[in-house]
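> sequence first, predicted coordinates after that:
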Amino acid sequence: MSGDYKIDLIALRDEITDLDESLLKLLARRREISIEVAKSKIQDRRAIRDVAREQLLMQNLVKKGEPLALDENYINHIYRTIVEDSVDLQIKYIAEHSLPEHHQDKVKVAFLGGQGSYSHIAACTYYKSKLGSVEAIEEVGCHGFDDIFKAVKAEEADNAILPLENTSSGSINEVYDLLQKYAEEIHIVGEQTIDVKHSLLTAVDSELAKIKTIYAHFQPVAQCSDFLASLPEDVHVEAMSSTSAAMAKVAELQDPTVAVIGSEQGAQFYGLTSIINQVANQKEANTTRFVVISKERLQVPQQSLAKTSLIMSVNQEPGALVKPLLAFSEYGLDLCKLESRPINGKPKEEMFYIDVMANANDPQYQKALGHIINERMTNYVVTLGCYEREK
C-alpha cells in the first residue's frame, strides 16, 4: 500500500450504515411476503414447511455465494435464522386466523392454586402468547387436580392448564389418571413448557440456620429432595395443596423460622424474598410440561405443526403393546411420548398414554387408528385431543 493513500473510515462506516438500512428494508419485505405465502397455504390447505424446498434453497444460496467469497457456514447460519423466522410467522398467522381460541377476548382458565403458583405462571405464559395479554385471563384457582377437571366439565372454566411431567421428578401420575377418567368428556387443546427454578423463600429477613419449617407442594419437594435431605433433622417439611398456598401461608406467618420452596417470580405476589436460589436437584434445564384442556375439541388446520394425544389399553401379555405401536410405524407416524398407567379394577390390563407427531385429521393417522381398531389390537382407544405443537 502506498504511503500517500489514506483510508476514509468515516466514508466506509457511512456505506455500511446505508447497507444495513437496505438490508432491514429487504428483511421487512421478506416477512411481508411470508405472510402472503401463509394466506396462500390457508387457501390451498398446504403444509407450512416444505423441507425439500428449504434444502434446495440453501444449496442454491451456497452455490451463488461461492463467487462472492461468502463462506458456506456463514450463509447457512444467516439463512437458517431467516427461514425459521418465516416459518414462525406463518404458523402464528395461520393459528390466529384459523383457531377459535385466538378470537376470544376473555378466557376463564382453571389451574392449581392461586397467583404465583407454577400453574399460574404457565397459564400466563401460554395465554400471553395466544391472546397477546395476561389481561385476557379470568383466573379460576382450584385446590386439587380433580377440581380442575370438574370445573371444566361444569363449564365453570373455559380451559384449564395442568402439569403433566417434569424433567427432574418425572410424570405426574394423578393427572395421567384423570385424563383417563375424563377421556370421553375433556380434551387436550394445547401444551406449554416452562422453566422451573426453585428457591427457598421467606417473608422476613432470615437465614438457612434459622429455618425450622419448610412449606411446599409435593412436586417441589420431590424436585428438591437432595437439598431437603441435607438439612438438619429438626427441619420439618409441611406439605401443602399448591405452591401458591404454601407461599400464602409463609406470608401470613411472618416468621423467620419458616420458609417455602417456590419461584422468585411467584414470590412477587406475596412479598417474599429468596434466601437461597436454585435448590432443585436438577440445576439446569429443569422444566415442566403442562397441557391445556377444554370441554370442546380443537380443530387444528392441516398447515399447522400438530401433535395428537391418545390413550389405549392392552392386556398385560407378551407383545400386546408391540402390535399397535408397529401400526403407527407402518404408516410413517413418529411417537414422541409413551406413558403407562394401571387401570383401576382391571389388574390384567394396562393403559398407555401416547403422543403422536401428527394431526388427528391426517389421513395416515386415521389409517393407523382404523387399522388398530379393525384388527382389535387394543381393548380401548380414544383420541384425547389434537393441538399445535410447542416450538
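Structure received.
> how close does the closest residue to residue 200 other than its chain neighbours get to residue 209?
Leaving aside its sequence neighbours, residue 200 sits nearest to residue 276 (CB to CB, 6 or more residues apart in numbering; 4.2 Å). In this view, the C-beta of every residue, glycine as well, is placed from N, C-alpha and C. Residue 276 sits 12 Å away from residue 209, going by CB to CB, to the nearest Å.
> pick out whichever of the two has more residues nearby.
residue 276 (16 against 6; other CB atoms under 10 Å).
> surely that one touches residue 202?
No. Using CB atoms under 8 Å, residue 276 is not in contact with residue 202, being 9.8 Å away.
> just the strands in the stretch 1-150 of the chain please.
Listed in chain order, the strands of the stretch 1-150 of the chain (DSSP state E, counting those that start in this stretch) span 107-112, 137-142.
> ok, for residue 189, nearest residue in space, not its chain neighbours?
In space, residue 189 is closest to residue 298, 4.1 Å off (CB to CB, 6+ apart).
> wasn't that neighbour part of a strand?
No. Membership of residue 298 in a strand is not supported by DSSP: H, G, I helix; E, B strand; the rest coil, which gives coil.
> hang on, isn't it packed against residue 187?
Yes. Contact criterion CB under 8 Å: residue 298 and residue 187 qualify, at 7.1 Å.
> more neighbours, these two?
More crowded of residue 298 and residue 187, by other CB under 10 Å: residue 187, with 23 against 19.
> now for the nearest residue to that one once chain neighbours are set aside: which residues touch it?
Excluding its sequence neighbours, the residue lying closest to residue 187 (CB to CB, 6+ apart) is residue 385, at 4.0 Å. Listed by CB atoms under 8 Å, 6 or more residues apart in numbering, the contact partners of residue 385 are 187-189, 293, 297-298, 308-309, 360.
> same check on residue 268?
residue 116.
> ok, back up a step: now for the contacts of residue 385, which pair is the farthest apart?
293 and 360 (15.5 Å; CB to CB).
> higher neighbour count, the two?
Ranked by neighbour count (other CB under 10 Å), residue 293 and residue 360 place residue 293 first, with 27 against 22.
> got the phi/psi numbers for that one?
Backbone geometry at residue 293, expressed as degrees, to the nearest 10, gives phi -120, psi 160.
> that one contacts residue 186, doesn't it?
Yes. Counting by CB under 8 Å, residue 186 is a contact partner of residue 293 at 5.1 Å.
> now for the two: what residues contact both?
With CB under 8 Å, 6+ apart as the test, residue 293 and residue 186 both reach 149, 152.
> low-confidence stretches in the stretch 51-200 of the chain?
Scanning the stretch 51-200 of the chain for pLDDT under 70 picks out 98-105, 132.
> ok, the stretch 201-350 of the chain next?
303.
> helices along that one, start to end?
Counting by DSSP state H, counting those that start in this stretch, the stretch 201-350 of the chain has helices at residues 218-223, 225-229, 243-253, 264-267, 322-330.
> just the buried residues of the longest one, please?
In terms of neighbour count (16 or more other CB atoms under 10 Å), helix 243-253 has its buried residues at 243-251, 253.
> need the residues that contact that helix.
With CB under 8 Å, 6+ apart as the criterion, helix 243-253 contacts 113-118, 120, 141, 201-203, 215-217, 220, 238, 240, 258-263, 266-267, 269-272.
> repeat the analysis, applying 6 Å as the threshold.
Residues from elsewhere that reach helix 243-253 (CB atoms under 6 Å, 6 or more residues apart in numbering): 113-114, 116-118, 203, 215-217, 240, 258, 260, 262, 270.
> would residue 178 count as being in a helix?
Yes. Residue 178: assigned to a helix according to three-state DSSP.
> against residue 298, how distant is it?
Distance from residue 178 to residue 298, by CB to CB: 19 Å.
> cool, and residue 169?
On the measure of CB to CB, residue 169 and residue 298 end up 29 Å apart.
> just residue 369 next, same as before
In terms of CB to CB, residue 369 sits 18 Å off from residue 298.
> got it, and residue 88?
20 Å.
> now residue 124
Relative to residue 298, and taking CB to CB, residue 124 is found at 20 Å.
> now residue 314
27 Å.
> what do you get for residue 51?
For residue 51 relative to residue 298 (CB to CB), the value is 25 Å.
> residue 373 - that's part of a helix, no?
Yes. The assignment for residue 373 by three-state DSSP puts it in a helix.
> buried set for stretch 61-81?
Here stretch 61-81 shows 62, 65, 75, 79 as buried, counting by 16+ other CB under 10 Å.
> my bad, should have said stretch 180-189
Result for stretch 180-189 [16+ other CB under 10 Å]: buried residues 180, 182-183, 186-189.
> in strands only, show me these.
Under the assignment DSSP state E, the buried residues of stretch 180-189 contribute 187-189 to strands.
> quick one: which of those residues is nearest residue 341?
residue 188 (15.6 Å).
> and residue 312, how far is that from residue 82?
In terms of CB to CB, residue 312 sits 42 Å off from residue 82.
> to residue 9, which of the strands of the stretch 1-150 of the chain lies closest?
strand 137-142 (53.3 Å).
> looks like residue 223 contacts residue 169 (just checking).
Yes. Using CB atoms under 6 Å, residue 223 is in contact with residue 169, at 4.7 Å.
> compare these two (neighbour count), which wins?
Between residue 223 and residue 169, counting by other CB under 10 Å, residue 223 is the more crowded of the two (26 against 21).
> could you measure residue 122 against residue 385, distance?
For residue 122 relative to residue 385 (CB to CB), the value is 17 Å.
> quickly list the domain ranges of the chain.
9-96, 100-196+287-294, 199-276, 306-388 (automatic domain parsing).
> just the endpoints, please. Distance across the last one?
Yep, that's domain 306-388 we're talking about. Length of domain 306-388, first residue to last, CA to CA, to the nearest Å: 4 Å.
> contact partners for residue 267?
With CB under 6 Å, 6+ apart, residue 267 has these contacts: residue 201.
> what do you get if the cut-off is 7 Å, keeping everything else the same?
116, 201, 247, 273-274 (CB atoms under 7 Å, 6 or more residues apart in numbering).
> now the buried members of those.
116, 201, 247, 274.
> for the residues you listed, which two are the farthest from each other?
116 and 274 (13.4 Å).
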